[in-house]
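**Student:** Sequence first, then the predicted structure:
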Amino acid sequence: MRRSNVGAHIFGDQINTDVIVAGRHLGSTDPSYLAKYCFETIRPNFADSVTEGDVVVAGENFGCGSSREHAAIAIKATGISCVLCRSAAMIFFRSAINIALPVLICPEAVAATKSGSRLDFDCISGQVAVDGRVFDAEPLSANLLDILDHGGLLAKLRARLNSTVGNQTGVMA
């Protein structure tokens, strides 16, 4: 996945899942509903400020807190194409990857990003450019890149199942 000339939405450290989407909205898993309330407690109308493809740029331990997938779903549904951070909570990281929302860890790129910065990123090479300066993010494994390439974990598993069933019976599931 590559994106060029996207805008940055900058957040600080320890942004937890309750800040990303408040608990009162967890009765729904509808992405469009969750997007409306993404970051509402710290940035009302955040979703309205996102241009399709923009990036969330954050500090340490992004997505800490609960194991709810709602946070990653809400971010992706706003049109955000990637989370770039100094570090991410592992459960958020996997929830995001599982729905095909890349999370790139690159403290140097985060430090270089300012309000108004334009970013380019390439998940395969792991490179992030901030206003033309290029940085190397922590590489994503081949398995994680495959999940992203398929459009998420469930899509990857469906493709694998269809391939396996097709190979055994000659018929696609």
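**Tutor:** Yep, it's here.

**Student:** Give me the helices and strands touching the helix ranked longest in the chain, please.
**Tutor:** For the chain, the helix with the greatest residue count under DSSP state H is helix 153-169. Secondary structure elements in contact with helix 153-169, counted by 3 or more C-beta pairs under 8 Å, 6 or more residues apart in numbering; DSSP states H and E, are helix 90-98, helix 142-150. For the C-beta atoms, the positions are set from N, CA and C on the backbone; glycine is no exception.

**Student:** now the chain, which segments are flagged as low pLDDT?
**Tutor:** Under the criterion pLDDT under 70, the flagged ranges of the chain are 166-173.

**Student:** What ranges does it have for its helices?
**Tutor:** For the chain, the helices defined by DSSP H cover 17-20, 31-36, 46-49, 70-77, 90-98, 107-112, 142-150, 153-169.

**Student:** which residues are in contact with the third one?
**Tutor:** Helix 46-49 is touched from outside by 9, 35-36, 38-40, 43, 77-79, with contacts defined as C-beta atoms under 8 Å, 6 or more residues apart in numbering.

**Student:** Could you identify which of those residues has the most neighbours?
**Tutor:** Neighbour count (other C-beta atoms under 10 Å) singles out Cys38 as the most crowded of the contacts of helix 46-49, with 26 neighbours.

**Student:** Chain neighbours aside, what residue packs nearest to that residue?
**Tutor:** Of all residues beyond its chain neighbours, the one nearest Cys38 is Ala74 (4.1 Å), with distances taken as C-beta to C-beta, 6 or more residues apart in numbering.

**Student:** Which residues are in contact with the most centrally placed residue in the chain?
**Tutor:** Computing the C-alpha centroid of the chain and ranking residues by C-alpha atoms, centre = their mean puts Leu101 first, at 3.3 Å. Residues in contact with Leu101, defined by C-beta under 8 Å, 6+ apart, are 72, 75-76, 80-83.

**Student:** One more: Ile42?
**Tutor:** Residues near Ile42 by C-beta under 8 Å, 6+ apart: 11, 19.
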